[in-house]
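1. Kindly return the folded structure for what I paste below:
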Amino acid sequence: MGMLARQDGEQSALLVLVAEVPVEPPPLSDEHLLPVPTELRRTLESALEDVANALAVFFMARRSISSVMPCVAFVPYDEEARRFTSDAAGIDIGGGIAVPEALSFDAGADDFPLLDDRRDGAALLAEALATAHAVSQFREYMRLFERAFALGPHDLIRPLTDFLSQSSFSYSEAEVQRWFNKLRHEAVHADRRPTYALEADVRYPLRRVRQAAFDVVFNKMVWRNRSSTRRDGVDLHSGIADDHTLVIRQHSSGAIRSQLFDPFGSYPVNLHVNTPIPDGWLVTTGPYNMSSITLKVQPETAPAAELRIDEEDGPS
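-> Got it, this is the predicted structure:
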């Protein structure tokens, strides 16, 4: 199931869409749960996206797609299938995926002079923050990095890695290479390549790309130069590490924001839509369990301590 939100000026519409495909009943797990075949699920997600894209084109409108809960169901088509689903305890889809973000820093009007020699960087960062779409944001951050180091994407990988490796958030050259050698190409070009980037492709790396962009604007010593030297500009005292844990400096403050996604990590969940379930449909009901979040508290001179936050009783 999916939800389409259409906005075109004064008008908006919410549509609940259902994509379905015939499937032979898969074997039950040891817990008598029905698994969801991955390739078939992706086929159905693609069908929902195709409809949403067509509606956006024909109505000249913006669109967003999210999951309603439950987001998947098995529908028996004959008596034998009904007997099979009646033996199942539910659907094996696990819990929701909580995607956290915790970028925070202390800066104010007194810090404005830090931007005097990089107003172009502030402009590109503001452009990225002004757009709501993940791929557009990603492209602006790539342009910001190129501007900051005065280098093309290939030559930029090593200097940017050297700069970011001095931060508290554990960036590796392999991660930065993926930004430029794969995601940037697919986010900018769609000519001879078999693949091209959409929102789902950049959604997860975007969090760390964003905090890297703030770090570069605030703390790169020499602007428009390939140098990786850092300055003591604005301290980013919380963010996301490479293992997706939340890192926060001891004795600092910050807000932890988290977006709940469906159990497959495909779409954000819309908890405001109450979807009626027809009789006979097999769905997973009960508490919607979120994945856990690990918070790493980073003292100035001691190993980091970890606090695990488990969200087990989310909305049903």
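
2. okay, CA-based contacts and neighbour counts for the rest of this
-> OK.

3. Just give me the neighbour total for residue 13.
-> Neighbourhood size, residue 13 [other Cα atoms under 10 Å]: 10.

4. tell me the SS of it?
-> strand (DSSP: H, G, I helix; E, B strand; the rest coil).

5. quick one, phi/psi of residue 249?
-> Note on residue 249: its backbone torsions stand at phi -70, psi 140 [degrees, to the nearest 10].

6. How many residues are close by it?
-> Neighbours of residue 249 (other Cα under 10 Å): 19.

7. isn't it right up against residue 238?
-> Yes - counting by Cα atoms under 8 Å, residue 249 does reach residue 238; the two are 6.1 Å apart.

8. Could you pull up the contacting residues of residue 173?
-> By Cα atoms under 8 Å, 6 or more residues apart in numbering, the residues touching residue 173 are 157-158, 161.

9. need the contact list for residue 100.
-> Counting by Cα under 8 Å, 6+ apart, residue 100 has contacts 246, 256-259, 293.

10. run the last query once more with 6 Å
-> Neighbour list for residue 100: 257-258 [criterion: Cα atoms under 6 Å, 6 or more residues apart in numbering].

11. where exactly do the strands run in this protein?
-> With strands called from DSSP state E, the chain shows them at 2-8, 11-17, 33-35, 62-66, 90-92, 97-101, 104-105, 236-240, 246-249, 257-261, 293-298, 305-309.

12. And those, which one averages the lowest pLDDT?
-> Among these, strand 305-309 carries the lowest mean pLDDT, a mean of 44.

13. Now do the end-to-end distance for stretch 97-114.
-> 38 Å (Cα to Cα, to the nearest Å).

14. ok, and for that stretch, which residues are buried?
-> Neighbour counts using 16 or more other Cα atoms under 10 Å place 97-105 of stretch 97-114 among the buried residues.

15. Now render these as TSV, adding distance to residue 121.
-> Below are the buried residues of stretch 97-114 laid out as TSV (distance: Cα to Cα, whole Å):
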residue	distance to residue 121
97	33
98	31
99	27
100	26
101	22
102	22
103	18
104	19
105	18
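
16. Tell me the confidence at residue 197?
-> On the pLDDT scale, residue 197 is placed at 94.

17. ok, it to residue 183 distance?
-> From residue 197 to residue 183 the distance is 7 Å (Cα to Cα).

18. Would you mind telling me which of the two has more residues around it?
-> residue 183 (23 against 17).

19. quick one: that one and residue 61, what's the gap?
-> Distance check for residue 183 against residue 61: by Cα to Cα, it reads 26 Å.

20. re earlier: tabulate the contacts of residue 173 in JSON lines, adding columns for distance to residue 214, pLDDT and neighbour count.
-> As requested, the contacts of residue 173 are arranged in JSON lines below (distance: Cα to Cα, whole Å; pLDDT from 0 to 100; neighbours: other Cα atoms under 10 Å):
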{"residue": "157", "distance to residue 214": "17", "pLDDT": "98", "neighbour count": "22"}
{"residue": "158", "distance to residue 214": "18", "pLDDT": "98", "neighbour count": "16"}
{"residue": "161", "distance to residue 214": "15", "pLDDT": "98", "neighbour count": "19"}
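
21. of the residues you listed, closest to residue 201?
-> Using Cα to Cα, residue 157 comes nearest to residue 201 of these, at 19.9 Å.

22. will you turn the contacts of residue 173 into a markdown table that also has distance to residue 233?
-> Listed next are the contacts of residue 173 as a markdown table, based on distance: Cα to Cα, whole Å:
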| residue | distance to residue 233 |
| --- | --- |
| 157 | 22 |
| 158 | 22 |
| 161 | 19 |
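
23. which one of those sits closest to residue 111?
-> Distance to residue 111, by Cα to Cα, is smallest for residue 161 among those, at 25.5 Å.
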